[in-house]
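Student: coordinates for the following, if possible.
(one chain, ligands or ions: 2)
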Amino acid sequence: MVTRGAERSFYAPVDGELQELQRRLLQVGNGGHPTFAAAVQHLFGSPGKLLRPTLVFLSARFGPSTDREVVLNLAQSLELVHTASLVHDDIVDEAEVRRNVATVNATWDDDVAIIVGDYLFAKAYALAAVLPKPEVIAIVAQTVFALCDGELNEVTATRELPTETAYFERIELKTASLYAACCQGAALLADAEPEHVAALGAYGTSLGLAFQITDDVLDVAGDEVDFGKAVGRDLAEGMPTLPMIYAVDEMADPALAARIVAPGKSAAEVRELLRTIRASGGVERARARALAFHDDAVSALDALPPRPERDALREIADFVVSRVR
Ligand code: FPP
Ligand code: MG
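Tutor: Ligands and ions are numbered 1, 2, ... in the order given. As a prediction, the model looks like this:
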């Protein structure tokens, strides 16, 4: 069985479900072209943190329904949506490494990665289609719309620094929507009280915003081996993120904005700009913003009854802003 950082105590209440999920994920590629099976082994052999399915399993504990199979289907569906979106995102980014292993596009090629991503999406929809509640099936579909919207927003962005608000709108679509779907969708499936469904949805959104800001901070200030992917890629591509937006504001330097959004930088230019941004105070401000979203996520949990699963959700929020990978 693959590992997922078992030292983290927030996995403990749902360990059985996570083990079953990992077993099922490894089988997703079976029965078709052998490249699907090879790509699936490649992807789920190093499955990442599995935060999204962990959120599904924990959130489902806040309702009276206990149909384990239904909750597993939602968790698997949303993890497949997530993985498919990363496979496609790595093509867009021309990324070579993710989770410390070669990406699908680097291991095979872009054509294979497009089709593997499509295959994983289709598998995700097949699982969503048998969920017993149409409103949860709709949440899965709307989450995919949001991911596409956020990604296209990023890909087609004009070459200028976005406002802080525009940045938050983008990351809500491309990242936080999926976190919210995990929490809210699971609570709905479990027949949780409407106020608990709403609280879990709000928790998921704030958690997702804190996660993405931290990811963007790590791309500027993280360690490549810990992070599991290259550092400085956003800057190399001219993709402005929150620490960069704050760096320009802190330094009151419009010329810095123009340098940040310039595409196709050399490695030396990226190193120099990373030094400038790290010294500007922008990273600390972005970390503080992530902590504020962490606090919003934790406050949303106050509406839930006290139980080990609520403690685990709190620990996930703490982990998301303290992580180095
Ligand atoms: C990773 O973020 C990418 C996403 C969160 C969204 C990717 C979405 C798509 C490719 C749209 C297509 C998806 C579907 C569902 C059809 P990032 O690029 O900030 O992080 P990274 O540094 O890990 O690449
Ligand atoms: Mg990317």
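
Student: tell me the pLDDT of residue 178.
Tutor: We have a pLDDT of 98 for residue 178.

Student: got the contact list for the nearest residue to it once chain neighbours are set aside?
Tutor: Leaving aside its chain neighbours, residue 178 sits nearest to residue 143 (5.5 Å; criterion: C-beta to C-beta, 6 or more residues apart in numbering). C-betas here are computed from N, CA, C, even on glycine. Applying C-beta atoms under 8 Å, 6 or more residues apart in numbering to residue 143 gives the contacts 78, 81, 177-178, 181.

Student: who wins for most neighbours among these?
Tutor: Highest neighbour count within those, by other C-beta atoms under 10 Å: residue 181, with 29 neighbours.

Student: which residues does that residue contact?
Tutor: Contacts for residue 181 (C-beta under 8 Å, 6+ apart) come out as 78, 139-140, 142-143, 204.

Student: can I get these in TSV with pLDDT and distance to residue 52?
Tutor: Written out in TSV, the entries for the contacts of residue 181 read as follows (pLDDT from 0 to 100; distance: C-beta to C-beta, whole Å):
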residue	pLDDT	distance to residue 52
78	98	5
139	98	13
140	98	12
142	98	16
143	98	11
204	98	9
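
Student: out of those, which sit inside helices?
Tutor: 78, 139-140, 142-143, 204 (DSSP state H).

Student: ok, and of those, which contact ligand 2?
Tutor: Among those, no residue sits close to ligand 2 (C-beta under 5 Å from the ion).

Student: in the stretch 151-300 of the chain, which residue sits nearest ligand 1?
Tutor: Here the stretch 151-300 of the chain gets closest to ligand 1 at one residue, residue 151, 3.6 Å apart by C-beta to the nearest ligand atom.

Student: what's the distance between that residue and residue 93?
Tutor: Using C-beta to C-beta, to the nearest Å, residue 151 is found at 10 Å from residue 93.

Student: and if you look at residue 273?
Tutor: Distance from residue 273 to residue 93, by C-beta to C-beta: 18 Å.

Student: now do residue 267
Tutor: 16 Å.

Student: mind checking which of these two has more residues around it?
Tutor: The neighbour count for residue 267 versus residue 93, taken as other C-beta under 10 Å, is higher for residue 93 (20 against 9).

Student: coming back round to it: among the contacts of residue 181, which one sits closest to residue 188?
Tutor: Checking those against residue 188 by C-beta to C-beta gives residue 139 as the nearest, at 7.6 Å.

Student: would you confirm that that closest one contacts residue 185?
Tutor: Yes - contact criterion C-beta atoms under 8 Å: residue 139 and residue 185 qualify, at 4.8 Å.

Student: so after the one helix or strand in the chain whose mean pLDDT sits lowest, what's the next helix or strand?
Tutor: In the chain, no helix or strand scores lower on mean pLDDT, DSSP states H and E than helix 224-227, which sits at a mean of 71. Downstream of helix 224-227, the first helix or strand assigned by DSSP states H and E is helix 233-237.

Student: does anything pack onto that next one? Which helices or strands?
Tutor: With contacts defined as 3 or more C-beta pairs under 8 Å, 6 or more residues apart in numbering; DSSP states H and E, the packing partners of helix 233-237 are helix 194-221, helix 267-280.
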